[in-house]
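Peer 1: below are the sequence and a predicted model; questions follow.
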Amino acid sequence: MAREDGDRDLTIRTAGSSPVRAASRQFAERMRPSVEESIRRYGETEAEIHAFTRFDAEPALLLDAALGATGAGGPLARVPVGVKDIFDTAGGPTKRGSELYAGRIPERDAAVVRNLRAAGAIIVGKTVTAELAMMHPGATRNPWDRSRTSGGSSMGSAAAVAAGVVPLAVGSQTNGSVIRPAAYCGVVGFKPTFGRFSREGMFVTSETLDQVGGFARSVIDVAALSAAMSGEPLERWWSGDTTTPKLAALRTAEWERADDAARERFQADVDLLAASGGPIEWPAPPAGLDDAPGVLRTIMLFEEAHAMERDMRGREGLLSGIARRQLAEGAAIDRDAYREALRAREGLIAAFAAWAARFDGVLTPAATGEAPTPETTGDPRFATRWSLIGAPAIAIPSGLGPGRLPLGLQIVAAPGDDRRLLASAAWCEGRIPPIGPPPL
């Protein structure tokens, strides 16, 4: 896949190009109108999957009618969108998955929500998050099997898209909170390079790691969502490049922690893509990359504990045992150890950026296997490295496991190469057979 000059600094040379215009038309035709369908699917599925903390059917219908009557446009005109309940929505509750914030009504939309509304989207509701966007599961169940989790912490957003309630949803990721739910629910989940989306009005507990992300049913759809959330034209995210990408496949030290089905699926995906486009390299990972899980944990726990210190003081009883233990562990981390972890992160960013620059995409597993039972949000380990270094990452559905639950393929790229990554992911998506909708 040819690299465009200025890809990292977002200098766009393809604005108005026919592939981008064609993609915009395809997106528009597939997306709307659908508010009535969203409300219908909510009524059919919510009692079983519990994807929403709040669903505003009547306001959504009224706004849809008004937009239809006036002919108001925008790239997401009249498209229903779900928003994770850690992003402020003016005049409506944003509880952040915790009784600590019960009754909290923000006066102003988060930046990504404002941008979505400006693009014409209709925010139909707030989706369930794990407690404080951490590890304690929320109520959401997997649309493929209600005895399984939909992942965490963006569990409601992934499930709402998988169940067909909304075509697009906003999430966030600190460790694996977009990639893992996408893989478990059989949808596309994308987190861009760290800092590409504004976090204004988002509940942030880790300044170094927290990132905005999104969910959709296809790669082009998540590109359109990204453009809207960033307030940028689609050309900033979608090149229309259909040439064969240069891909690498990567087995990190976590490989043996994946179950047999996940490892077999990953190898089958690599073989299929190689047969479709040519050899795929299997390079050794850059030095130090396997240190990433410990580095991320130190940074994440330290920053979460300090971010929550004031709000939780004297109110610890409102938190789950999981959250209390996680925050206590973070509070015990020495500041010098935290600073050393930050320095290690900077070195890993530089090493990975140099190593990955010659590839259009790097293939890795998205999760250790199928979704587990709902006592846990699942294991984020296959997303950890890319969250630590702020690299763009995307999960696409790649098949069903032995329990007839989705498995996912993750593709990552060097920080700054978001548009290049999305083009590579679209190429891969077009060659992997679709898994279809869940039996819900």
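Peer 2: Done, it's in.
Peer 1: now do the helices in the stretch 201-350 of the chain.
Peer 2: Shown for the stretch 201-350 of the chain, the helices assigned by DSSP state H, counting those that start in this stretch span residues 219-230, 260-277, 292-312, 321-331, 335-356.
Peer 1: now for these, which one comes closest to residue 191?
Peer 2: helix 219-230 (9.8 Å; CB to CB). Where you see a C-beta, it was placed from the backbone N, CA and C, and this is true even at glycine.
Peer 1: give me the residues contacting the closest one.
Peer 2: In this structure, residues lying in contact with helix 219-230 by CB atoms under 8 Å, 6 or more residues apart in numbering are 23-24, 26-27, 30-31, 75-76, 81, 112, 115-116, 119, 121, 167-168, 170, 188-190, 192, 196-198, 212, 214-216, 233-234, 236-238, 394, 396, 418, 422, 425-426, 429.
Peer 1: cool, stretch 254-268 as well?
Peer 2: Outside of stretch 254-268, the residues within contact range by CB under 8 Å, 6+ apart are 249, 293, 363-365, 367-370, 379, 381-382, 398-399, 401-402, 407, 409.
Peer 1: give me that answer again for 10 Å
Peer 2: By CB atoms under 10 Å, 6 or more residues apart in numbering, the surrounding residues in contact with stretch 254-268 are 183, 249, 251, 290, 292-293, 363-370, 379, 381-382, 384-385, 398-403, 405, 407-410, 432.
Peer 1: hmm, back to that, report the buried members of the contacts of helix 219-230.
Peer 2: 23-24, 27, 31, 75-76, 81, 112, 115-116, 119, 121, 167-168, 170, 188-190, 192, 196-198, 212, 214-216, 234, 236-238, 394, 396, 418, 422, 425-426, 429 (16 or more other CB atoms under 10 Å).
Peer 1: would you agree residue 405 is in contact with residue 146?
Peer 2: No - the pair residue 405 / residue 146 is not scored as a contact, 11.6 Å apart, by CB atoms under 10 Å.
Peer 1: which one of these two is surrounded by more residues?
Peer 2: Neighbours were counted for residue 405 and for residue 146 using other CB atoms under 10 Å; residue 405 has more, 22 against 13.
Peer 1: from the contacts of stretch 254-268, which ones fall inside helices?
Peer 2: Under the assignment DSSP state H, those contribute 183, 292-293, 381-382, 384-385 to helices.
Peer 1: and those, which two are the farthest apart?
Peer 2: The distance between the two most remote of the ones in helices among the contacts of stretch 254-268 (CB to CB) is 19.0 Å, for 183 and 292.
Peer 1: and those two? which has more neighbours close in?
Peer 2: When neighbours are counted by other CB under 10 Å, residue 183 comes out ahead of the other of residue 183 and residue 292, with 34 against 24.
Peer 1: tell me how many other residues surround the residue lying closest to that one once chain neighbours are set aside.
Peer 2: What sits nearest to residue 183 in space, not counting adjacent residues and going by CB to CB, 6 or more residues apart in numbering, is residue 408, at 3.0 Å. Other residues within reach of residue 408 by the criterion other CB under 10 Å amount to 30.
Peer 1: quick check: beta-bridge partners of residue 408?
Peer 2: In this structure, residue 408 has the following beta-bridge partners (DSSP bridges): residue 397.
Peer 1: contacts only, for it.
Peer 2: For residue 408, the contacting residues are 179-189, 262, 265-266, 269, 365-367, 382, 394-399, 435, by CB under 10 Å, 6+ apart.
Peer 1: before we move on, back to that, which of the buried ones among the contacts of helix 219-230 fall within strands?
Peer 2: Mapping the buried ones among the contacts of helix 219-230 onto strands (DSSP state E) picks out 81, 168, 170, 188-190, 212, 214-216, 394, 396.
Peer 1: would you list those residues in TSV and tack on pLDDT and distance to residue 341?
Peer 2: Formatted as TSV, the entries for these read as follows, by pLDDT from 0 to 100; distance: CB to CB, whole Å:
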residue	pLDDT	distance to residue 341
81	98	35
168	97	34
170	98	28
188	98	31
189	98	26
190	98	26
212	98	23
214	98	28
215	98	30
216	97	33
394	98	26
396	98	31
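Peer 1: my guess is residue 216 contacts residue 161. True?
Peer 2: Yes - counting by CB under 10 Å, residue 216 does reach residue 161; the two are 6.5 Å apart.
Peer 1: between the two, which contacts overlap?
Peer 2: By CB under 10 Å, 6+ apart, the residues touching both residue 216 and residue 161 are 167-169, 182, 187-189, 222.
Peer 1: show me which of those residues is closest to residue 87.
Peer 2: When the shared contacts of residue 216 and residue 161 are compared for distance to residue 87, the smallest value, 10.8 Å, is given by residue 169; criterion: CB to CB.
Peer 1: just to revisit the earlier point, and the helices of the stretch 201-350 of the chain as JSON lines, adding mean pLDDT and distance to residue 86?
Peer 2: Written out in JSON lines, the entries for the helices of the stretch 201-350 of the chain read as follows (pLDDT from 0 to 100; distance: least, CB to CB, whole Å):
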{"stretch": "helix 219-230", "mean pLDDT": "97", "distance to residue 86": "14"}
{"stretch": "helix 260-277", "mean pLDDT": "97", "distance to residue 86": "29"}
{"stretch": "helix 292-312", "mean pLDDT": "97", "distance to residue 86": "12"}
{"stretch": "helix 321-331", "mean pLDDT": "97", "distance to residue 86": "14"}
{"stretch": "helix 335-356", "mean pLDDT": "97", "distance to residue 86": "23"}
